[in-house]
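K.L.:
missing the sequence, but the structure's below:
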């Protein structure tokens with residue numbers, strides 16, 4: 001079987017980030033079309049840099065909800081990251097099959113689908129990001 005690869009979202013590098021508030025990126029709002037909800041798999045490429053100290057046991061746990069109902073929880077292990085390195089990895093999200101009623105509800109209730117991303121180093125929480133999602137194809 002052939003796999004279809006389609007770019008759904010690209011976040012651009014904003015150049016020199018020294019003057020940006022470190023908490024500014026802790027919330028992201030995504031806008032997708034209804035077709036996104038019928039995808040079974042999505043790959044997301046993540047790029048991050050490491051400071052001057054090594055990072056052990058780097059891990060991300062991400063939970064996706066619709067109106068307080070857990071849809072899916074993802075657990076990604078980055079492992080060890082060397083100091084002063086720029087890293088790229090791809091996460092493959094395996095989505096659950098959603099009922100047509102749930103898909104309809106998610107489309108007509110933009111931004112009531114949300115996620116929390118928890119980042120851990122040596123089993124200690126170091127960062128928490130939030131996002132919300134619209135599947136109505138527009139703002």
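P.N.:
The structure has been received and is ready for your questions. For clarity, every value in this text was computed on a predicted model and none was experimentally measured.

K.L.:
and residue 136, how far is that from residue 41?
P.N.:
Going from residue 136 to residue 41 by CB to CB, to the nearest Å gives 22 Å. For the C-beta atoms, the positions are set from N, CA and C on the backbone; glycine is no exception.

K.L.:
who has more neighbours out of the two?
P.N.:
Under the neighbour definition other CB atoms under 10 Å, residue 136 and residue 41 were set side by side, and residue 136 has more, 16 against 9.

K.L.:
residues touching the closest residue to the more buried one other than its chain neighbours, list them.
P.N.:
Nearest residue to residue 136 in three dimensions, chain neighbours excluded: residue 110, at 5.0 Å (CB to CB, 6 or more residues apart in numbering). Counting by CB atoms under 8 Å, 6 or more residues apart in numbering, residue 110 touches 133-136.

K.L.:
do residue 136 as well
P.N.:
Each residue near residue 136 by CB under 8 Å, 6+ apart is listed here: 31, 34, 107-108, 110.

K.L.:
how about residue 119?
P.N.:
Residue 119 makes contact with 58-60, 125-129, according to CB under 8 Å, 6+ apart.

K.L.:
from the residues you listed, list the buried ones, please.
P.N.:
Buried subset of those (neighbour count, 16 or more other CB atoms under 10 Å): 58, 60.

K.L.:
thought residue 80 was touching residue 54, still the case?
P.N.:
Yes. Using CB atoms under 8 Å, residue 54 is in contact with residue 80, at 6.9 Å.
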